[in-house]
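Novice: Predicted model and sequence below, questions to follow.
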Amino acid sequence: MIRRRNVKIIATLGPASDTPETIRALFDAGADVFRLNMSHLDHENLRRVHAAVRAVEADVGRPIGILVDLQGPKLRVGEMAAGGATLKPGDRFRFDMQKTPGTAERAPLPHPEIFEALSEGQMLLLDDGRIRLRVTKCGPDFADAEVLVGGTLTSRKGISLPDTLLPVKAMTDKDRRDFDAALDLGVDWVALSFVQRADDVAEVRKIARGRAAVLAKIEKPKALEHLSDIIDIADAIMVARGDLGVELPLEQVPGWQKRLVRAARRAGKPVVVATQMLESMITSPTPTRAEVSDVATAVFEGADAIMLSAESAAGEYPVEAVRMMNRVAQSVEADPTYPGIIYAQRAEPEATGADAISAAAHSVADTLKAAAIVCWTNSGSTGLRAARERPLLPIVVLTPVPATARRLALVWGLHCVVTEDARDLDDLSDRAGRIAFQEGFAQPGQRIVVTAGVPLGTPGATNMLRVAFVGRQRGD
């Protein structure tokens, strides 16, 4: 099955969509990667849903990526008396370590690490930012604050600290158990929540040891301060607009989305745009015009993937949501303004032989009006470099490693095929042409541009470019 678009679609699986039949329908509608959210899954169901995706993959004969999203730390207030308390602007309110239920004057906050990190003047956000307070005084076991935006505070509501670098690791004990279970299954991507600094990502990469690629979710303002270092060490990033929009002023989120996408593209790292993209389709068979424009903006920006969350996990129209996202993406990429926008955002290649080869492949393919660029890769780096160039012609990735094909299912423009490694350079060119024809990207007599690493099978050594004719036995 050939996708008639470059941007990839990630669909979150949940109660509305995690049966084998619905997973197959979601794939047919356009889903390339499936997200499994560990905030709502135990290990038994993780194994069940993982097996169902792999069964669909075997049935369709196409590599499908699986992304496991770790829950991360959850910071919450304690219990409130009488169903909650109303906080009014100008009120004085205290957070403390006492276990007695909260009132209109105070609330328990069982997180000593918060009190350790707080300073006067910093903001406290409750209930997804609906209630806002500013710290006026704090100590090792309390914080006094002034209510800026009021509301009703009920038990176990979440608390966010946009100005504070918390001494909290991105992985909890639950996350470690979930991570181990995911690695045992052989998932392709692991998404890390609550990233504040590059060290958070480094810890997860150390545990993964290459068994899964690591995606850093950018959802904390502190992560924006360390963005370059995070992108350097992560395999991909996600613009997690929901949580980012709680801790940043809402009007700043669109600008940060553009900056994050462009920073990732310059670095040659995949970038996912997520959260509330077709939110109304949770209960409606059609989206709003504003949501369609939102999806289109991410596609115009050149994001590698766009993601559905509750729309496909718990909504009433999961397949229709994927189908709509697919239609919007196809329409944007067929728009006459799309090539100019994508080319204008291209990054200069890095000063390496591999990046120079990938840039040259794009240039040669454009000059010769080649049918496709075909990349041989073991590790996936050749495919990533080809995608970084954003060529507006097909990129076919050939690999003998199924795990590589599944990881690259998340990357812009890559059509991955699992095949045995080439025996020699002639076999490399001949098989590239044959597969490009079989997959529907080229016709006999057309030219393709082939890139690979020599010696064959050497990870990360993209150093060869060859022009080949489809249907001929030898490269030209």
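Specialist: Everything's here; your move.
Novice: use CA for all of it now, contacts and neighbours both
Specialist: Fine.
Novice: Tell me how far the spatially closest residue to residue 142 that is not a sequence neighbour lies from residue 340.
Specialist: Distances taken as C-alpha to C-alpha, 6 or more residues apart in numbering place residue 96 nearest to residue 142, at 4.3 Å, with adjacent residues excluded. The spacing between residue 96 and residue 340, counted by C-alpha to C-alpha, to the nearest Å, is 56 Å.
Novice: out of the two, which sits in the busier spot?
Specialist: residue 96 (24 against 10; other C-alpha atoms under 10 Å).
Novice: Spit out the contact partners of residue 67.
Specialist: 33-36, 187-191 (C-alpha atoms under 8 Å, 6 or more residues apart in numbering).
Novice: Tell me which residues of stretch 197-209 come out buried.
Specialist: 197-198, 200-201, 204-205, 208 (16 or more other C-alpha atoms under 10 Å).
Novice: would you list these in TSV and tack on distance to residue 362, pLDDT and secondary structure?
Specialist: Below are the buried residues of stretch 197-209 laid out as TSV (distance: C-alpha to C-alpha, whole Å; pLDDT from 0 to 100; DSSP: H, G, I helix; E, B strand; the rest coil):
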residue	distance to residue 362	pLDDT	secondary structure
197	35	95	coil
198	32	97	helix
200	35	96	helix
201	32	97	helix
204	34	95	helix
205	31	96	helix
208	33	96	helix
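Novice: on that earlier part again, closest to residue 134 out of the contacts of residue 67?
Specialist: For those, the residue nearest residue 134 by C-alpha to C-alpha is residue 191; the value is 31.3 Å.
Novice: any idea whether the closest one is helix, strand or coil?
Specialist: On the three-state scheme (DSSP: H, G, I helix; E, B strand; the rest coil), residue 191 is labelled strand.
Novice: does it really touch residue 69, like I thought?
Specialist: Yes - here residue 191 reaches residue 69: they are 4.5 Å apart, a contact under C-alpha atoms under 8 Å.
Novice: So what touches stretch 72-84?
Specialist: By C-alpha under 8 Å, 6+ apart, stretch 72-84 touches 99-103, 107-111, 152-160, 168-172, 175, 192-194.
Novice: Now list the buried members of the residues you listed.
Specialist: 102-103, 107-110, 153-155, 157-160, 170-171, 175, 192-194.
Novice: Go through these and flag which are in helices.
Specialist: residue 175 (DSSP state H).
Novice: Identify those among the buried ones among the contacts of stretch 72-84 that sit within strands.
Specialist: 107-108, 153, 159-160, 192 (DSSP state E).
Novice: can you tell me the helix or strand for the nearest residue to residue 185 once chain neighbours are set aside?
Specialist: Nearest non-adjacent residue to residue 185, counting by C-alpha to C-alpha, 6+ apart: residue 47, 7.3 Å away. Applying DSSP states H and E as the criterion places residue 47 in helix 43-60.
Novice: follow-up on the earlier one: specify which member of the buried residues of stretch 197-209 is nearest to residue 28.
Specialist: residue 208 (31.0 Å).
Novice: how much space between the closest residue to the closest one other than its chain neighbours and residue 380?
Specialist: In space, and not counting its chain neighbours, residue 208 is closest to residue 183: 7.4 Å by C-alpha to C-alpha, 6+ apart. Separation of residue 183 from residue 380 (C-alpha to C-alpha): 19 Å.
Novice: Mind checking which of those two has more residues around it?
Specialist: residue 380 (22 against 17).
Novice: Grab the nearest non-local neighbour of that one.
Specialist: residue 404 (5.8 Å).
Novice: Please identify which helix or strand holds the one you found.
Specialist: With DSSP H and E as the test, residue 404 turns up in helix 402-408.
Novice: pLDDT on stretch 77-91, on average?
Specialist: Regarding stretch 77-91, the rounded mean pLDDT is 95.
Novice: Can you point out the buried residues in that stretch?
Specialist: So, applying 16+ other C-alpha under 10 Å, buried residues of stretch 77-91: 77-80, 84-85, 87-88.
Novice: Show me the shaky parts of this protein.
Specialist: 457, 460, 472-476 (pLDDT under 70).
Novice: Could you tell me how many residues sit around residue 7?
Specialist: Close neighbours of residue 7, defined as other C-alpha under 10 Å, add up to 25.
Novice: Relative to the whole chain's centre, how far out is the particular helix or strand that has residue 67 in it?
Specialist: Assigned by DSSP H and E, residue 67 belongs to strand 65-69. Chain-centre distance of strand 65-69: 9 Å, with C-alpha atoms, centre = their mean, to the nearest Å.
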